[in-house]
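Trainee: The sequence and its predicted three-dimensional model are supplied below.
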Amino acid sequence: MGRKPLIAGNWKMNTDAVSAPNLAREVLQKTSRLRNVDIAVFPPFPLIPSVLKVLDGSAIGIGGQDISAELQGAFTGEVSAGMMTSLGCTYTLVGHSERREYHLESDELVNRKTIRALEAGLIPIVCVGEKLSERDGGETFARVERQIKVGLAGLSKEQMARVVIAYEPVWAIGTGRTATPQQAEEVHEFIRKLLATLFDQQIADATRILYGGSVKASNARELMSQPDVDGALVGGASLSSDDFAAIAESAG
Ligand code: PEP
């Protein structure tokens with residue numbers, strides 16, 4: 001379908017003022033010859049300026065791991081989408097399962113954040129995925145359908161054309177337990193069909209749907225060889241420049 005793969009590295013609450021720019025420098029060196037893949041990194045908020053400095057002028061995109069649903073004002077501890085664009089960020093994660101679980105983020109809040117990101121000119125990577133109990137209960141598709149329908153409610157086609165989706169089964173995040181390529185593909189295919197009914201076929205065909213959940217250099221190629229898997233959202237393995245570069249290489 002001609003979708004350029006995207007490999008996104010979520011550094012979570014890891015790295016510091018020294019190791020974050022160092023990791024960015026290594027990623028830049030090790031991926032600079034890759035042309036057929038987009039790459040983005042998601043450092044913790046305070047480390048973003050130092051990473052931006054290292055990656056300035058490169059093709060590697062930078063994003064935050066979350067944003068506030070509010071525009072500005074008395075929201076202590078929050079970071080606005082406008083702050084991220086003013087720094088030079090391109091992306092933001094929205095609705096990561098760790099935000100949903102530890103900060104009780106609802107599908108409705110994810111929707112407000114997605115719209116806020118788009119209004120500020122950021123590309124939101126909207127994360128969806130079922131818990132193990134939901135998979136075991138046969139609720140995977142219903143859960144993902146609600147996350148997509150509510151999370152993307154009210155978006156125009158023009159806005160949707162800028163959204164990236166990440167399917168991340170919660171039971172596969174940070175657990176070492178990866179979805180099989182077939183398990184990933186059936187949900188990705190389901191999401192694409194859903195996008196066609198919610199928006200249109202052209203948008204569905206153009207939307208990048210990333211897989212996330214214990215992606216490693218050893219399983220990335222097979223996962224991304226699936227027709228509807230358009231890249232990866234990588235947590236643990238993104239903290240090793242060698243592993244992250246190898247994952248990016250298997251996409252490009
Ligand atoms: C993530 O943080 O989105 C993720 C998929 O983590 P991991 O690759 O460590 O499972």
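Mentor: Now that the structure is in, tell me what you want to look at. Numbering: from 1, shown residues only.

Trainee: Look up how far Ala220 lies from the most far-flung residue of the chain relative to its centre.
Mentor: Going by C-alpha atoms, centre = their mean, the residue of the chain most distant from its centre is Ala74, 27.9 Å out. Distance, Ala74 to Ala220, using C-beta to C-beta, to the nearest Å: 43 Å. For the C-beta atoms, the positions are set from N, CA and C on the backbone; glycine is no exception.

Trainee: again, but for Pro43
Mentor: Shown here: Pro43 relative to Ala220, a distance of 21 Å by C-beta to C-beta.

Trainee: One more: Pro5?
Mentor: 10 Å.

Trainee: In terms of packing, which of those two has more residues around it?
Mentor: Ala220 (25 against 19; other C-beta atoms under 10 Å).

Trainee: residues in the stretch 101-250 of the chain within reach of the ligand, list them.
Mentor: Proximity of the stretch 101-250 of the chain to the ligand is confined to Glu168, Ile173, Gly174, Gly212, Gly213, Ser214, Val215, Leu233, Val234, Gly235, Gly236, Ala237 under the rule C-beta under 6 Å from any ligand atom.

Trainee: The closest residue in space to the fifth one that isn't next to it in sequence: what's it in contact with?
Mentor: Here the nearest residue to Gly213 in space, its sequence neighbours aside, is Ala172; by C-beta to C-beta, 6 or more residues apart in numbering that works out to 2.7 Å. With contacts defined as C-beta atoms under 8 Å, 6 or more residues apart in numbering, Ala172 is in contact with Thr178, Ala179, Gly212, Gly213, Ser214.

Trainee: where does the chain have low pLDDT?
Mentor: Across the chain, the ranges flagged by pLDDT under 70 are 1.

Trainee: which residues in it form strands?
Mentor: Per DSSP state E, the chain carries strands over the ranges 6-10, 38-42, 61-64, 91-94, 123-128, 164-167, 209-212, 231-234.

Trainee: Contacts only, for the residue in the chain that the ligand sits nearest to.
Mentor: Nearest residue of the chain to the ligand, counting by C-beta to the nearest ligand atom: Gly235, 2.1 Å away. Applying C-beta under 8 Å, 6+ apart, we find Gly235 in contact with Asn10, Lys12, Ile173, Gly174, Gly212.

Trainee: Which pair in those has the greatest spatial separation?
Mentor: Pairwise distances across these (C-beta to C-beta) peak at 11.9 Å, for the pair Lys12 and Gly212.

Trainee: Comparing these two, which residue is more hemmed in?
Mentor: Gly212 (28 against 17).

Trainee: Residues in a beta bridge with that one, which ones?
Mentor: Under DSSP bridges, the beta-bridge partners of Gly212 are Leu233.

Trainee: dump the residue contacts of it.
Mentor: Gly212 neighbours (C-beta under 8 Å, 6+ apart): Asn10, Cys127, Gly129, Ala166, Tyr167, Glu168, Ala172, Ile173, Ala232, Leu233, Val234, Gly235.
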